[in-house]
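mind looking at a prediction? Sequence and model below.
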Amino acid sequence: MTEINPSQEVSQSLNASPLVELRAMTLEFAKQVILNQINLQIPRGQTVAVIGESGCGKTMLLKTIVGLIKPTSGSVHFDGRNIHTLSDYELTQLRCKFGFVFQNAALFDSLTIGQNVAFPLVQHRLASDRQIDRIVSERLIEVGLPPNVSNKRPAQLSGGMRKRVGLARALVLQPELMLYDEPTTGLDPIMSDVINELMLRTRMSKRVTSLIVTHDMRTARKVADRVVMLYPYARLKKGESQIIYDGAPEGLDATSDKRVRQFVEGEAGERLMELTRNQPRGFDETPDVSARFSSI
């Protein structure tokens, strides 16, 4: 597959009005803070990768943006509208402007591939049967799948093919905002790069705004023109922002923040020592097996 240069007029994008804006957004569950005072603007046309270790709130951020979860405080705005003040009907209509690619594709096992891709169109009654057949065929071709795959079931496809079906389904409503939750998780390096290329092509051909939650640094570097890194709230110093990096992908290697560099380079380092310090008292880190068996 031909590689596409992801370079874009980032400066123009940054000067555009934000399509998505989070204002002092906080999310808590049972008094446990997941996201704290998040301020974030995503201009139209920009592709943002959200990185950070497991448990820092990345997926919760996505769910809050699409209105699946209501923030404890603060607000989430889409195209200038506070989405959590909308009625159920208004929110349902607004979600037609979102395309969501789930971590494990989240296809309906009981439906064919064609029915899975067509589901948003059928659900919102946006096209005739003939139009739906044409749109489904076009979207499958866009993601590199032959139209004859339409009659198969999800269980008959590989993981990479299911991911592409999930992308095709997310595109059928021609969304303004694409959200990807770990789009390359569980894929081999070649198929991961196929997904990366498809995300690039989607951005270039559809001119959509994209938000990608990922642990895959190759994806972040290749697809995004901006990277935001979240850090677990419980491990922050008092008053410290949960966003510890917000900038271009090429700046990740030059940042002075050791936490960012350790994540990007995949080094356990201080994190391993922190886990060791937090072990329960009496936990035997390096058990002497011979001593234990000598008494038997």
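That came through fine. Note that the structure is a prediction, hence the values are computed from the model and not measured.

do you have the strands of the stretch 51-200 of the chain handy? List them.
All strands of the stretch 51-200 of the chain, identified by DSSP state E, counting those that start in this stretch, fall at 73-78, 81-82, 98-101, 177-181.

any chance of JSON lines for the ones you listed, columns mean pLDDT, distance to V117 and mean neighbour count?
Quick note: C-beta positions are derived from backbone N, CA and C, even for glycine. JSON lines is the format used below for the strands of the stretch 51-200 of the chain (pLDDT from 0 to 100; distance: least, C-beta to C-beta, whole Å; neighbours: other C-beta atoms under 10 Å):
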{"stretch": "strand 73-78", "mean pLDDT": "96", "distance to V117": "24", "mean neighbour count": "18"}
{"stretch": "strand 81-82", "mean pLDDT": "94", "distance to V117": "28", "mean neighbour count": "12"}
{"stretch": "strand 98-101", "mean pLDDT": "92", "distance to V117": "12", "mean neighbour count": "23"}
{"stretch": "strand 177-181", "mean pLDDT": "95", "distance to V117": "15", "mean neighbour count": "24"}
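
for the ones you listed, which one sits closest to K238?
Among the strands of the stretch 51-200 of the chain, strand 73-78 comes nearest to K238, with 18.2 Å by C-beta to C-beta.

let me know the angle separating the closest one from strand 177-181.
Following axes from the mean of the first three to the mean of the last three C-alpha atoms, to 10 degrees, one obtains 120 degrees for the angle between strand 73-78 and strand 177-181.

tell me which strands strand 73-78 pairs with, and in which orientation.
The pairing partners recorded for strand 73-78 under DSSP bridges are strand 18-29 (antiparallel), strand 81-82 (antiparallel).

what's next to the longest one, contact-wise?
Meaning strand 18-29. Strand 18-29 is contacted from outside by 33-44, 57, 60, 64-65, 69, 71-79, 176-177, 209, 211, using C-beta atoms under 8 Å, 6 or more residues apart in numbering.

on that earlier part again, ranking the strands paired with strand 73-78 by burial, who's on top?
Of the strands paired with strand 73-78, the one with the most neighbours on average (mean count of other C-beta atoms under 10 Å) is strand 18-29, at a mean of 18.

how far off centre is it?
Centroid separation for strand 18-29 versus its chain: 16 Å, with C-alpha atoms, centre = their mean, to the nearest Å.

past that strand, which element shows up next along the chain?
Using DSSP states H and E, the next helix or strand after strand 18-29 towards the C-terminus is strand 32-43.

helices or strands next to that following strand in the packing?
Judged by 3 or more C-beta pairs under 8 Å, 6 or more residues apart in numbering; DSSP states H and E, the packing partners of strand 32-43 are helix 10-15, strand 18-29, helix 58-65, strand 209-213, strand 243-247.

out of these, nearest to V117?
Proximity to V117 (C-beta to C-beta) singles out strand 209-213 among the helices and strands packed on strand 32-43, at 19.5 Å.

partners of that closest one in the sheet?
Those paired with strand 209-213 in the sheet (DSSP bridges) are strand 47-51 (parallel), strand 177-181 (parallel).

re the thing from before, in JSON lines: the helices and strands packed on strand 32-43, plus distance to V194 and mean pLDDT.
Putting the helices and strands packed on strand 32-43 into JSON lines (distance: least, C-beta to C-beta, whole Å; pLDDT from 0 to 100) gives the following:
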{"stretch": "helix 10-15", "distance to V194": "25", "mean pLDDT": "44"}
{"stretch": "strand 18-29", "distance to V194": "27", "mean pLDDT": "96"}
{"stretch": "helix 58-65", "distance to V194": "22", "mean pLDDT": "94"}
{"stretch": "strand 209-213", "distance to V194": "15", "mean pLDDT": "95"}
{"stretch": "strand 243-247", "distance to V194": "27", "mean pLDDT": "96"}
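
for the chain, just list every one of the helices.
Along the chain, counting by DSSP state H, helices occupy 10-15, 58-65, 88-94, 113-123, 129-142, 159-171, 189-206, 217-223, 258-265, 269-277, 289-294.

average pLDDT for the third one?
Per-residue pLDDT over helix 88-94 has a mean of 91.

CA atoms only: put that helix into PDB for me.
Taking C-alpha atoms only, helix 88-94 is exported to PDB below (Å, rounded to 0.1, in the frame of the first residue of the first chain):
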ATOM      1  CA  ASP A  88     -32.100  12.900  24.000                       C
ATOM      2  CA  TYR A  89     -33.500  13.600  20.500                       C
ATOM      3  CA  GLU A  90     -31.000  16.400  19.900                       C
ATOM      4  CA  LEU A  91     -28.100  14.200  21.100                       C
ATOM      5  CA  THR A  92     -29.200  11.300  18.900                       C
ATOM      6  CA  GLN A  93     -29.200  13.700  15.900                       C
ATOM      7  CA  LEU A  94     -25.800  15.100  16.900                       C
END
